[in-house]
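Engineer: sharing a model that was predicted from the sequence below.
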Amino acid sequence: MNRNKILYSGAIILAVTLIAALLVALVLFAIGASPLATYKTILTGPLSDLFGVTEVLVRSVPLMLVALGIAISFRSGILNIGAEGQIQMGVIASTAMALAMPHAPKAILLPAALMAGALAGAVWGGIAGWLKAKLQVNEILSTVMLNYIAAQVYTFLLRGPMLDPSELETGSGTPQSMRLPELAFLDTLVPGTRIHMGLILALVAALLVWMLLWKTTLGYRMRTAGAGAKAARYAGIPVERYLIVAMLMAGGFAGLAGAVEVSGVHHRAIEGISSGYGFAGIVVALFGALHPGGIVPSAVFFGILLIGADMTQRSASVPANMVLVLQGVIILSIVSAQSFLRNPYAQERFFRWFGRFSPSARKAGKGVQS
Amino acid sequence: MSAGLMIYNVLCLAVPFSVALLLAALGENFNQRAGVFNLGCDGIMCMGAFLGFMVPFTLKATPWAAYGNFLGLGAAMAVGAAMGVVFALVTVTFRASQGIAGIGLQMLGWGLAGTLFRHFVGGVTGVEGMAAIAIPGLSKIPFLGGVLFNHNALTYTALLLVPACWFLLYKTPWGLKVRAVGTHPRAADTMGIHVDLIRYQALMLGGAMAGLAGAYLSLCQAKMFSDDLVAGRGFIAVALVYFGRWSPLGILGGALLFSIAQSFQLSMQVWGIKFPYEFAVMLPYVLVIVVLALARKARQLGPTDLGKPYNREMRF
């Protein structure tokens, strides 16, 4: 990458960030909150003490796992919007598995619960992959629909078959499952906080995904299928098969994220457990440039945003939906920025325009060439 | 209860249910015919629903109250058109990936509607909404009168928009340009059609109609607003365009099929046939997947450059 390219990329990213921040500030202004104070609370509030930092990491674990799966699917040319539903399926399966054998030793119970979650998520994602590969059903629409279906299945199970029997006795009627046996818990890393072994798991997963995508034949083929289906097919790669594989993996990671949330944080299936991680995961993956090395820091960054947004809700009375606005603006900005970064003509034009203001370029009698 | 009465009840409910889907899908059809796949439709509907509710709600105690509903519909269409322009800026001018950008717009609209609602209104509040207007004479026809001629003004408008959209798309120069731009933008460009401009116009029109669809939901159907009022209807509308094979009449058929399924499910609960509520809610979403799987042959009928940004500077 030459100097001009870096200069150009930096300028575009800076401009897009500023525009996005301004747009969100406009919304904040409209609802009577001070944009600067809100930004300050969101970005620095969560990091003010050790507990805050661990809470950020707790949030970043599911984000990381979901985003890794989404990166696999996006890289393979299939847009998985269904992580939200896949998480819920993972929660259901891992909870059911852990509750089904409460007396098993930890070495069996914990992996079994996590595997069950990943498997259920994989199946849920695989449906969309299969529909895309065999019946050419648009994967965005099918995964969105599967999200709504999963939400209903989840509510049905929590209010019916999986409802904690003690809830019926006490009559509080909170739709939640029984508490998991303690042997199915992921260990806490720092005593007194909620940060758990899932963080290590997610970091290992990031490494594995990097190896899969860039160091194995399977990953190479998947990325080829995503970069150009026609060329990949011409090279003898069965693109359809890799679409299904990609969706199985993406769903698996989302399901695992659900399982980790249950066994690491909530210790039972509750309503709203996915709390938007499925959608935030898309933003995390795009923000991390669909690369594990970018996804890890970007997941932590969005962990800060999520906690910070919670804080502003309490302190500055900015509704929590503001996170969705933020995410929407970030997605629109990222895809816009990408198309500028990829467009060689835009870069040329930028420097021609820029060159007019630079005296050295004028003296040399030419615009800065890229 | 006789079978005839049952069918009558189902159909009477189905027509008003279909309006939001119909309006949004007719609008989305213009987008897709022009080659832009607008998944943000759902977010636009959320904003339309919010403004359609908000304007009459604020004007309740002012001298403007009588015009509240119409101003609400106007505001919903305006915000829809504005969001259409935003989407056009990102996908037509910046040529970003339409699928992801659509999801971004959906989150933006959904989140913005929820944020503004919580700040300005807070709790659940109803509005008077739009009253049904029985068309004199026609509403007295047995069976048909109740099914077709006893609704609010927006329902009639939506039904009349089906032939209007057909006319606009197939019988006017602008419609021809829209179809050309979605099928072969380079040829259209060669013939002197401003591809980007037509796409902007189509997205504005589609956005305005999606906004109107949202306003129908809050103003006529629910007579209130909540975060999950739209509940993915924008995505269903996008699927309906596939199902309707990009023709207004096909879209009308699809919208009716969906709303009949939905009102049938509601009627079953009224008749005392018991099954879990969650499964009833799930039904339309399952139907979308089935419909999309069955409609795959229709793909050849669709605009060939759907989803592809056009760049006149590129040679291929």
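Structural biologist: Everything's here; your move.
Engineer: the residue of the stretch 151-300 of chain B found nearest chain A: neighbouring residues, count only.
Structural biologist: Using CB to the nearest CB, the closest approach of the stretch 151-300 of chain B to chain A is made by B:E278 at 3.8 Å. (Each C-beta comes from the backbone N, C-alpha and C, glycine too.) Residues within reach of B:E278, counting by other CB atoms under 10 Å in any protein chain shown, total 18.
Engineer: find the nearest non-adjacent residue to the residue positioned nearest the centre of chain A, please.
Structural biologist: The centre of chain A sits closest to A:G281, judged by CA atoms, centre = their mean, with a distance of 1.3 Å. The shortest distance from A:G281 to any non-neighbouring residue, by CB to CB, 6 or more residues apart in numbering or on different chains, is to A:V66 (3.1 Å).
Engineer: same deal with B:L252?
Structural biologist: Closest to B:L252 by CB to CB, 6+ apart is B:V162, at 4.9 Å.
Engineer: helices or strands up against whichever strand or helix holds the one you found?
Structural biologist: Element membership for B:V162 (DSSP states H and E) is helix B:153-171. For helix B:153-171, the packing partners by 3 or more CB pairs under 8 Å, 6 or more residues apart in numbering or on different chains; DSSP states H and E come out as helix B:3-33, helix B:173-183, helix B:195-216, helix B:248-270.
Engineer: try 10 Å this time
Structural biologist: Helices and strands touching helix B:153-171, by 3 or more CB pairs under 10 Å, 6 or more residues apart in numbering or on different chains; DSSP states H and E, are helix B:3-33, helix B:68-88, strand B:133-134, helix B:144-148, helix B:173-183, helix B:195-216, helix B:248-270.
Engineer: now tell me what touches the fifth one from outside.
Structural biologist: Taking contacts as CB atoms under 10 Å, 6 or more residues apart in numbering or on different chains, the residues outside helix B:173-183 that touch it are B:29-36, B:165-170, B:172, B:187-189, B:191, B:193-199, B:201-202, B:205, B:246, B:302-308, B:310.
Engineer: circling back: which SS class is the residue nearest to the centre of chain A?
Structural biologist: Secondary structure, DSSP: H, G, I helix; E, B strand; the rest coil: A:G281 is helix.
Engineer: show me what from the stretch 201-316 of chain B comes close to chain A.
Structural biologist: B:227-228, B:231-232, B:234-236, B:238-239, B:242, B:276-297, B:299, B:307, B:309, B:311, B:313-314 (CB under 10 Å from any CB of the partner chain).
Engineer: which of these count as buried?
Structural biologist: B:227, B:231-232, B:234-236, B:238-239, B:242, B:278, B:280-289, B:291-292, B:295, B:307, B:309 (16 or more other CB atoms under 10 Å in any protein chain shown).
Engineer: not counting sequence-adjacent ones, nearest residue to the residue in the stretch 51-200 of chain A that chain B sits nearest to?
Structural biologist: Residue of the stretch 51-200 of chain A nearest chain B, by CB to the nearest CB: A:F156 (3.8 Å). Spatial nearest neighbour of A:F156, excluding adjacent residues (CB to CB, 6+ apart): B:E278 at 3.8 Å.
Engineer: mind listing what the one you found touches?
Structural biologist: By CB under 10 Å, 6+ apart, the neighbours of B:E278 are A:149, A:151-160.
Engineer: for B:A213, same thing?
Structural biologist: Contacts of B:A213 (CB under 10 Å, 6+ apart): B:19-28, B:41, B:44-45, B:48-49, B:52, B:76-77, B:80, B:154, B:158, B:230, B:233-234, B:237.
Engineer: redo that, cut-off 7 Å
Structural biologist: B:20, B:23-24, B:45, B:48 (CB atoms under 7 Å, 6 or more residues apart in numbering or on different chains).
Engineer: ditto for A:L65
Structural biologist: Contacts for A:L65 were tallied using CB under 7 Å, 6+ apart; they are A:202, A:205, A:253, A:256-257, A:260.
Engineer: whichever of those end up buried, select them in ChimeraX.
Structural biologist: Filtering these down to the buried ones (16+ other CB under 10 Å) takes a single ChimeraX command:
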select /A:202,205,253,256,257,260
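Engineer: which of the contacts of A:L65 fall within helices?
Structural biologist: Among the contacts of A:L65, the ones falling in helices (DSSP state H) are A:202, A:205, A:253, A:256-257, A:260.
Engineer: lowest average confidence, helix or strand, in chain A?
Structural biologist: helix A:359-364 (a mean of 52; mean pLDDT, DSSP states H and E).
Engineer: list the buried ones in the helix or strand containing A:A118?
Structural biologist: Assigned by DSSP H and E, A:A118 belongs to helix A:106-135. For helix A:106-135, the neighbour count (16+ other CB under 10 Å) marks A:109-110, A:112-133 as buried.
Engineer: ok, back up a step: adding mean pLDDT, write the helices and strands packed on helix B:153-171 out as CSV.
Structural biologist: Converted to CSV, the helices and strands packed on helix B:153-171 look like this (pLDDT from 0 to 100):
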stretch, mean pLDDT
helix B:3-33, 87
helix B:68-88, 92
strand B:133-134, 72
helix B:144-148, 69
helix B:173-183, 93
helix B:195-216, 94
helix B:248-270, 86
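Engineer: deepest in the core, which of these is it.
Structural biologist: helix B:195-216 (a mean of 27; mean count of other CB atoms under 10 Å in any protein chain shown).
Engineer: gap between it and the chain center?
Structural biologist: Relative to the mean C-alpha coordinate of its chain, helix B:195-216 is positioned 10 Å out (CA atoms, centre = their mean, to the nearest Å).
Engineer: one more: stretch A:193-202?
Structural biologist: The answer for stretch A:193-202 is 16 Å, by CA atoms, centre = their mean.
Engineer: again with stretch A:242-256
Structural biologist: With CA atoms, centre = their mean, you get 13 Å for stretch A:242-256.
Engineer: picking that back up, check which element follows the helix holding A:A118 along the chain.
Structural biologist: Assignment by DSSP H and E places the next element after helix A:106-135 at helix A:139-159.
Engineer: average pLDDT for that following helix?
Structural biologist: Across helix A:139-159, pLDDT averages out at 90.
Engineer: now the angle from that helix to helix A:106-135?
Structural biologist: Taking axes from the mean of the first three to the mean of the last three CA atoms, to 10 degrees, one finds helix A:139-159 and helix A:106-135 inclined to each other by 140 degrees.
Engineer: what sits up against helix A:139-159?
Structural biologist: Helix A:139-159 is contacted from outside by A:78-82, A:84-85, A:88-89, A:92, A:124, A:127-128, A:131-132, A:175-177, A:269, A:271, B:39, B:99, B:232, B:235, B:238-239, B:276, B:278-279, B:281-282, B:285-286, B:288-289, B:292, using CB under 7 Å, 6+ apart.
Engineer: can you tell me which of the residues you listed end up in helices?
Structural biologist: Reading helices off these with DSSP H, I get A:84-85, A:88-89, A:92, A:124, A:127-128, A:131-132, B:99, B:235, B:238-239, B:278-279, B:281-282, B:285-286, B:288-289, B:292.
Engineer: and A:L305, how close does it get to chain B?
Structural biologist: Distance of A:L305 to chain B, computed by CB to the nearest CB, to the nearest Å: 13 Å.
Engineer: excluding chain neighbours, what is closest to A:I195?
Structural biologist: That would be A:T54: by CB to CB, 6+ apart, it lies 4.1 Å from A:I195.
Engineer: no wait, A:S336
Structural biologist: B:F94 (4.4 Å).
Engineer: next, count neighbours for the one you found.
Structural biologist: Neighbours around B:F94, by other CB under 10 Å: 19.
Engineer: does it touch A:Q338 like I think?
Structural biologist: No - in this structure, B:F94 is not within contact of A:Q338 by CB atoms under 7 Å, at 8.8 Å.
Engineer: up against chain B, what does chain A have?
Structural biologist: Applying CB under 7 Å from any CB of the partner chain, we find that chain A lies next to chain B at A:27, A:31, A:79, A:81, A:131, A:135-138, A:140-142, A:144-145, A:148-149, A:152, A:155-156, A:160, A:279, A:282, A:319, A:321-325, A:327-329, A:331-332, A:335-336, A:338-340, A:345.
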